[in-house]
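Engineer: my questions concern the predicted model and sequence given below.
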Amino acid sequence: MIAQEAPRAPRGLEVSSTLERIVAPQAADAAATVRIATDAVASQADQLVVTVRFTNLGNDVVDSIRITSPVPPDLHYVPHSASGPGSEVLFSVDGGRTFGGPDELELVAPDGAVRGADAAEYTHVRWVLRAPLDAGATGIARFRAVER
């Protein structure tokens, strides 16, 4: 079982997260489509989908929303896989203390040299919504990952 920390969200929002395995069709069944399964055990080659659902439970519009989800510690983030309609996607490599775009993230090597971070080193994914969320409205954000 893959350990998963709960996503963080602003007050007034209900946030839940699921982790599902992408199941590719068998070669003999060309008409089948890729599906997401919650009942299957993941193998090293499988990709997993972390889905974060958020709902504005209040009676007022919520603005300046940032939804943050950790990348489970036993997974690597799959490059360019984060999506969230109407949002800017940012990443952290320091446990969620700071965030930036992929080209802005840096790590210090043991020898003191600074280098760009790899997607496999992301610890958190953050979606910054560009528009307010109406009362009662729900949104979904996702990213893919593979086991370490």
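Structural biologist: Okay, I see it.
Engineer: which SSE is immediately downstream of the lowest-mean-pLDDT helix or strand in the chain?
Structural biologist: Least confident element among the helices and strands of the chain, by mean pLDDT, DSSP states H and E: strand 35-37 (a mean of 46). Downstream of strand 35-37, the next assigned helix or strand under DSSP states H and E is strand 47-56.
Engineer: quick check: buried residues in that next one?
Structural biologist: 47-50, 52-56 (16 or more other Cβ atoms under 10 Å). (Glycine included, C-beta is placed from N, CA and C.)
Engineer: put the alpha carbons of it into CSV.
Structural biologist: What follows is strand 47-56, C-alpha atoms only, in CSV (Å, rounded to 0.1, in the frame of the first residue of the first chain):
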residue,chain,number,x,y,z
GLN,A,47,1.7,4.6,-13.6
LEU,A,48,-0.5,5.8,-10.8
VAL,A,49,-2.9,8.8,-10.8
VAL,A,50,-3.2,11.1,-7.7
THR,A,51,-6.6,12.9,-8.0
VAL,A,52,-7.4,15.8,-5.7
ARG,A,53,-11.0,16.8,-5.5
PHE,A,54,-12.0,20.0,-3.8
THR,A,55,-15.4,21.6,-3.0
ASN,A,56,-16.4,25.0,-1.7
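Engineer: make residue 1 into 39 and carry on from there
Structural biologist: Sure, I'll start counting at 39 from here, so that last one is strand 85-94.
Engineer: so which elements touch that strand?
Structural biologist: strand 51-61, strand 104-108, strand 176-185 (3 or more Cβ pairs under 8 Å, 6 or more residues apart in numbering; DSSP states H and E).
Engineer: quick one: the last one to strand 85-94, angle?
Structural biologist: An angle of 160 degrees separates the directions of strand 176-185 and strand 85-94 when computed by axes from the mean of the first three to the mean of the last three Cα atoms, to 10 degrees.
Engineer: and strand 176-185, average pLDDT?
Structural biologist: For strand 176-185, the mean pLDDT works out to 95.
Engineer: so that strand versus strand 104-108, what angle?
Structural biologist: 20 degrees.
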